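Asker: Fold the following for me, if possible:
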Amino acid sequence: MTLTKRKNAFIELGKFLSQFHLDNSQQKEGVLYNDTYYENMLNLIQASRSHNGWYTEEQVFFSLESWAEALTPENLEKWLSNYDLDNIKPKTVGLVLAGNIPLVGFHDFLSVLITGHKALIKTSSNDQHLLPFLAKYLITVEPEFKDFINFTEGKLEGFDAVIATGSNNTARYFEYYFKDKPSIIRKNRNSAAILTGNESREDLIGLGEDIFRYFGLGCRNVSKLFVPTGYDFKDFFEAMYEYRDVIHYDKYANNYDYNKAVFLMSNFKLLDNEFLTIKEDSGYASPISSVFYEYYDNLDTLKQKLEAEQDQLQCVVSNNLTENSSPFGQTQKPGLLDYADNIDTIAFLSKI
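Answerer: Alright, predicted model coming up:
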């Protein structure tokens, strides 16, 4: 299958996904195979919460919209123009996917197929329906993909390379099990934000998006704040009030109640607005419904700290205070070139 065929198939998938929005999903003229797939996609979105309680319609729609925006001819061309993909011999690449947020493994799926390799996919038990559905659509658009996409529920076997995502604990297992194969093994990462006290209200509301999107379950969600010594959290909490409805989701509310109780029983000092707690802590991985914060006195010293600890970080959000920092409100809208763990997946797949 030629690269042009592969790109065109994903462009058609992007057009299909562009029809789905939380408030106004609507069929568009010229989208392929809508008669077969459109209503089924809507039904799957509505059923997603029954498959995984964190996959509310709002979160699933957001994920679909993000991929629709990514899968345009212009974006695919800009992304792939950096690589030579003409002489790649197809290999079978095992994908062990996470399920913390909807379609979290789609970039790996796209990368394997767009480079001409075969994907052998083991989905997470938390996300078993969305990607297989999109794969069926892709195969309908380009039947040659049928021989390139295989889902398995059992042990991965017969692969030439692997991309596996999991926790720090499962990563140790992956590193042992896949030690004889070319691999990308992804571990836990978190994201942080640097505040100076000069942020606008719009900046802080954007930060709320970085904190609360997907209920804070993603590695690109901000779970840690660095604030100057003496920082007044008043403006921060006023901006977070825009996201107060998050407490109406049972799973989030249960986590809020539980984690707040654990903190209080441990006599930790908390700041709390009845749907988010913030706690002074040197760690990065805060529990759901909580954000850690840490004071800094010198910005250059903080930058050195973040540089030394970059293997723990996915994104750093700020107003251009660090190299490659993410703007407020944008962490959950990565581009095709925003690789997880800053590992160039296409470069890896080009060399196996």
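
Asker: just the strands in the stretch 1-150 of the chain please.
Answerer: 92-96, 118-122, 149-151 (DSSP state E, counting those that start in this stretch).

Asker: quick one: average pLDDT of the last one?
Answerer: Read that as strand 149-151. Strand 149-151 carries an average pLDDT of 98.

Asker: now do stretch 210-230
Answerer: The model assigns stretch 210-230 a mean pLDDT of 98.

Asker: end to end, how far does that stretch reach?
Answerer: 23 Å (C-alpha to C-alpha, to the nearest Å).

Asker: For it, which residues meet the burial criterion?
Answerer: For stretch 210-230, a neighbour-count test (16 or more other C-beta atoms under 10 Å) marks 210-228 as buried. Glycine gets a C-beta too; all of them are placed from N, C-alpha and C.

Asker: Which ones among those map onto strands?
Answerer: Among the buried residues of stretch 210-230, the ones falling in strands (DSSP state E) are 222-228.

Asker: Chain neighbours aside, what residue packs nearest to G158?
Answerer: The shortest distance from G158 to any residue other than its chain neighbours is 6.3 Å, reached at T92 (C-beta to C-beta, 6 or more residues apart in numbering).

Asker: Spatially nearest residue to the residue nearest the centre of the chain, not counting backbone neighbours?
Answerer: Nearest to the mean C-alpha position of the chain, by C-alpha atoms, centre = their mean, lies V104 at 4.9 Å. Excluding the flanking residues, the one nearest V104 by C-beta to C-beta, 6+ apart is A98, at 5.1 Å.

Asker: worst-scoring helix or strand of the chain, pLDDT-wise?
Answerer: Across the helices and strands of the chain, the lowest-confidence element by mean pLDDT, DSSP states H and E is helix 168-177, at a mean of 90.

Asker: could you give the angle of that one to strand 92-96?
Answerer: 160 degrees (axes from the mean of the first three to the mean of the last three C-alpha atoms, to 10 degrees).

Asker: can I get the CA coordinates of helix 168-177 in CSV?
Answerer: Extracted C-alpha coordinates of helix 168-177, given in CSV (Å, rounded to 0.1, in the frame of the first residue of the first chain):
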residue,chain,number,x,y,z
ASN,A,168,6.1,2.4,36.3
ASN,A,169,5.4,-1.1,37.7
THR,A,170,4.2,-2.6,34.4
ALA,A,171,7.0,-0.9,32.6
ARG,A,172,9.5,-3.1,34.5
TYR,A,173,7.6,-6.2,33.2
PHE,A,174,7.5,-4.8,29.7
GLU,A,175,11.2,-4.1,29.7
TYR,A,176,11.9,-7.7,30.7
TYR,A,177,9.3,-9.3,28.5
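
Asker: With distance to Q46 as added columns, please give the ones in strands among the buried residues of stretch 210-230 in TSV.
Answerer: What follows is those, written out as TSV (distance: C-beta to C-beta, whole Å):
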residue	distance to Q46
V222	29
S223	30
K224	35
L225	36
F226	40
V227	41
P228	45
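
Asker: closest to F20 among those residues?
Answerer: The shortest approach to F20 among these belongs to V222, at 26.5 Å (C-beta to C-beta).

Asker: Cross-check the contact I'm expecting between that closest one and R213.
Answerer: No - using C-beta atoms under 8 Å, V222 is not in contact with R213; the gap is 9.7 Å.

Asker: Could you measure from L130 over to G14?
Answerer: Separation of L130 from G14 (C-beta to C-beta, to the nearest Å): 15 Å.

Asker: on that earlier part again, of all the ones in strands among the buried residues of stretch 210-230, which two lie farthest apart?
Answerer: That would be S223 and P228, which, of those, are the farthest apart (C-beta to C-beta) at 19.2 Å.

Asker: So F292 lies in a strand, does it not?
Answerer: Yes - using DSSP: H, G, I helix; E, B strand; the rest coil, the assignment for F292 is a strand.

Asker: so what pLDDT did it get?
Answerer: 98.
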